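Asks: requesting a structural model of the entry that follows:
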Amino acid sequence: MASIRKLIDRARAEDGMSLIEVVVALMVFAVISLGVGYSTITILKMTEDTRSRQVATNLASSEIDIARGVQDPFKVVNATRTAAVSGVTYTIVRSTSWVETSGADVACGTGTGTLQSKRVNITVTWTGMLTTTQPVRSDTLISPDKRINDPSLGTIRISVLTVAGTGSSGVAVTVTPTSGGAALAAQPDSTDTDGCSFALKVAPGTYSVIITRTNSVDTTQATSPSKSVVVTAGGSVAALFQYDYAATFNLAYATAGALLPADLDTTFLSTYGAYVSSGGAKTQALLHPVPSGYAGIAGKYIAPVAGNAGCINVDPAAWPEATVSGVAYAAGVRTPNVAAAPKGSANMPIPMGVMTVKFTSQAYLFAESTAGPAGSFDPGCAAAPKYSFGRILINGTSTIALPYGSWTLYSGSNADGSGKTPLSAANLGLVGAGTVVTLDPRQPK
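Replies: Purely as a prediction, here's the structure:
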């Protein structure tokens, strides 16, 4: 009986597990399971990545074969395309560069040596790449199937880029000799998708390279910009352009209904400097699509340089903070820059000073820039522009607009301004004597 009791007591002592033992066992199981699961997922991803890399290698080889099949290196250009294989999207990027006889890789707009061959680099990436995986890369050299160089002749490389720095394609190129040299047997092809064109076997001399494309302008707003290049025997020279489709700006001058000078100038300020449009106000301006935009200013702005004060009072930002006739004015401020994309459009205000003039007889109206009165703090315009408004109605009151600054207004019976006389203070709505009107862009504080 004692033996049986001992067996029963021992069985009761080992009956089940405690809660702590169960929790510990579950934690151990969870850690092991997570490790096994992570390892399984990693193996699957690596297997899939390896399979994708094999496909990418085949795509890179195929792209190299395509480039070699073109044969003419001038027709092998930068390109990007995608391909979907078994649910994976592959991006194939082809980048090209010319190789000079020195072995250096150059773009069409750089280098001075002789073109030898074209290097083609292929890079393939795909969706779901592991962070540690490198893209598949392959490269080759393509040699011309006919001679493109002559030790007694030279090469002109034309590079035309958009405002974004990419190639500007479809731009016509004309190369003409200006000093020495000789007329080309055939003009270069229009620029390719890289913005490149080449004039081969050109006689030594100086040449003018002109580019054109409908509705396109360069940074100086030229529709057919040109570059002068000097060609040497056995060398090459680059003609570089930034040229893009123009942006359209719809212009709104001063106050609606105000009479504007018939020969008004308009200045467009950008990071490339000042561009002046003359010959009267226009409803639209086609400008190079500068990303930072333009500030529209009525009048002809001329930046000051050593020995020339220029003409800056037409720019509101040139007027300093000051107290005039007891009134405190804040510094002048331009309207915010306006930008538009290539082929895009935007509205641009052109602020001006506005005033009223009175006439008791039919006459022509003229305005001449003059020095501002003492204490006006007018920044001045050394160019002293003159504008003509045309005929004003008899016994009429007219609202006119002029660029900011100080002006003397004249009336005369002749359209050419001969015999004109200054308008009186009464005609200008001024108090007291004087004929100078200051159109101030500043606002009281």
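
Asks: from here on, just use CA atoms for contacts and neighbour counts.
Replies: OK.

Asks: could you pull out the strands in the stretch 101-250 of the chain for me?
Replies: 105-106, 115-126, 136-142, 154-161, 172-180, 196-202, 205-212, 216-218, 226-231, 236-245, 247-253 (DSSP state E, counting those that start in this stretch).

Asks: now the first one: average pLDDT?
Replies: This means strand 105-106. On average, the pLDDT along strand 105-106 is 79.

Asks: I figured residue 334 hits residue 314, correct?
Replies: No: taking contacts as CA atoms under 8 Å, residue 334 lies outside contact range of residue 314: 10.4 Å.

Asks: more neighbours, these two?
Replies: Between residue 334 and residue 314, residue 314 has the larger neighbour count (other CA atoms under 10 Å), namely 31 against 15.

Asks: and that one, what's its pLDDT?
Replies: So residue 314 comes in at 97 (pLDDT).

Asks: now the closest residue to residue 80 other than its chain neighbours: phi and psi?
Replies: Leaving aside its chain neighbours, residue 80 sits nearest to residue 93 (4.5 Å; criterion: CA to CA, 6 or more residues apart in numbering). Per-residue torsions, residue 93: phi -110, psi 120 (degrees, to the nearest 10).

Asks: could I get the buried residue list for stretch 127-137?
Replies: For stretch 127-137, a neighbour-count test (16 or more other CA atoms under 10 Å) marks 129, 136-137 as buried.

Asks: same check on stretch 254-261?
Replies: 254-255, 258-261.

Asks: again, but for stretch 342-352
Replies: So for stretch 342-352, counting by 16+ other CA under 10 Å, buried means 342, 345, 348-352.

Asks: could you list the low-pLDDT ranges of the stretch 301-445 of the chain?
Replies: Low-confidence segments of the stretch 301-445 of the chain (pLDDT under 70): 429-434.

Asks: tell me where it has helices.
Replies: For the stretch 301-445 of the chain, the helices defined by DSSP state H, counting those that start in this stretch cover 425-428.

Asks: rewinding a little: with distance to residue 437 as extra columns, can I get the buried residues of stretch 127-137 in CSV?
Replies: Below are the buried residues of stretch 127-137 laid out as CSV (distance: CA to CA, whole Å):
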residue, distance to residue 437
129, 71
136, 72
137, 71
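
Asks: among those, which has the minimum pLDDT value?
Replies: For the buried residues of stretch 127-137, the least confident entry is residue 129, with 86.

Asks: quick check, that one in contact with residue 49.
Replies: Yes: taking CA under 8 Å as the definition, residue 129 is a contact partner of residue 49 at 6.4 Å.

Asks: how does this structure divide up, domain by domain?
Replies: Listed domain ranges for the chain are 64-244, 248-439 (source: automatic domain parsing).

Asks: how about those in JSON lines, adding distance to residue 57?
Replies: Listed next are these as JSON lines, based on distance: least, CA to CA, whole Å:
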{"stretch": "domain 64-244", "distance to residue 57": "6"}
{"stretch": "domain 248-439", "distance to residue 57": "38"}
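
Asks: residue 28 is nearest to which of these?
Replies: Residue 28 lies closest, by CA to CA, to one member of these: domain 64-244, at 29.9 Å.

Asks: now the terminal residues of the closest one, how far apart.
Replies: For domain 64-244, the first and last residues are 31 Å from each other (CA to CA, to the nearest Å).

Asks: repeat that for stretch 235-255.
Replies: 58 Å.

Asks: so which bits of that stretch are buried?
Replies: Neighbour-count burial for stretch 235-255 [16+ other CA under 10 Å]: 235-249, 251-255.

Asks: how far off centre is that stretch?
Replies: 9 Å (CA atoms, centre = their mean, to the nearest Å).

Asks: quick one: residue 377 and residue 329 touch, right?
Replies: No: between residue 377 and residue 329 there is no contact under CA under 8 Å: 10.7 Å.

Asks: between those two, which contacts overlap?
Replies: Residues within reach of residue 377 and of residue 329 at once, by CA atoms under 8 Å, 6 or more residues apart in numbering, are residue 322.

Asks: excluding chain neighbours, what is closest to residue 356?
Replies: residue 399 (4.4 Å).

Asks: centroid-nearest residue for the protein?
Replies: Relative to the mean C-alpha position of the chain, the nearest C-alpha, by CA atoms, centre = their mean, is the one of residue 163, at 3.4 Å.

Asks: OK, contacts around it?
Replies: By CA under 8 Å, 6+ apart, the residues touching residue 163 are 242-244, 289-291.

Asks: with respect to residue 222, which of these is nearest?
Replies: Nearest to residue 222 among the contacts of residue 163, with distances taken as CA to CA, is residue 243, at 9.1 Å.

Asks: what's near enough to touch the closest one?
Replies: Per CA under 8 Å, 6+ apart, neighbours of residue 243: 160-163, 168, 216-219, 288.

Asks: let me have these in JSON lines, adding pLDDT and distance to residue 18 as columns.
Replies: Below are these laid out as JSON lines (pLDDT from 0 to 100; distance: CA to CA, whole Å):
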{"residue": "160", "pLDDT": "96", "distance to residue 18": "81"}
{"residue": "161", "pLDDT": "95", "distance to residue 18": "78"}
{"residue": "162", "pLDDT": "96", "distance to residue 18": "76"}
{"residue": "163", "pLDDT": "95", "distance to residue 18": "75"}
{"residue": "168", "pLDDT": "94", "distance to residue 18": "78"}
{"residue": "216", "pLDDT": "97", "distance to residue 18": "85"}
{"residue": "217", "pLDDT": "97", "distance to residue 18": "85"}
{"residue": "218", "pLDDT": "97", "distance to residue 18": "84"}
{"residue": "219", "pLDDT": "96", "distance to residue 18": "83"}
{"residue": "288", "pLDDT": "97", "distance to residue 18": "82"}
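
Asks: which one of those has the most neighbours?
Replies: Of the contacts of residue 243, with other CA under 10 Å as the count, residue 288 tops at 32 neighbours.

Asks: which residue, other than its chain neighbours, is closest to it?
Replies: residue 246 (5.1 Å).

Asks: what about that neighbour, distance to residue 179?
Replies: For residue 246, the distance to residue 179 - CA to CA - is 32 Å.

Asks: sorry, back to before: possible to save the contacts of residue 243 as a markdown table with distance to residue 321?
Replies: Shown next, in a markdown table, are the contacts of residue 243 (distance: CA to CA, whole Å):
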| residue | distance to residue 321 |
| --- | --- |
| 160 | 44 |
| 161 | 42 |
| 162 | 40 |
| 163 | 36 |
| 168 | 45 |
| 216 | 41 |
| 217 | 38 |
| 218 | 37 |
| 219 | 33 |
| 288 | 33 |
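
Asks: noted, bye for now.
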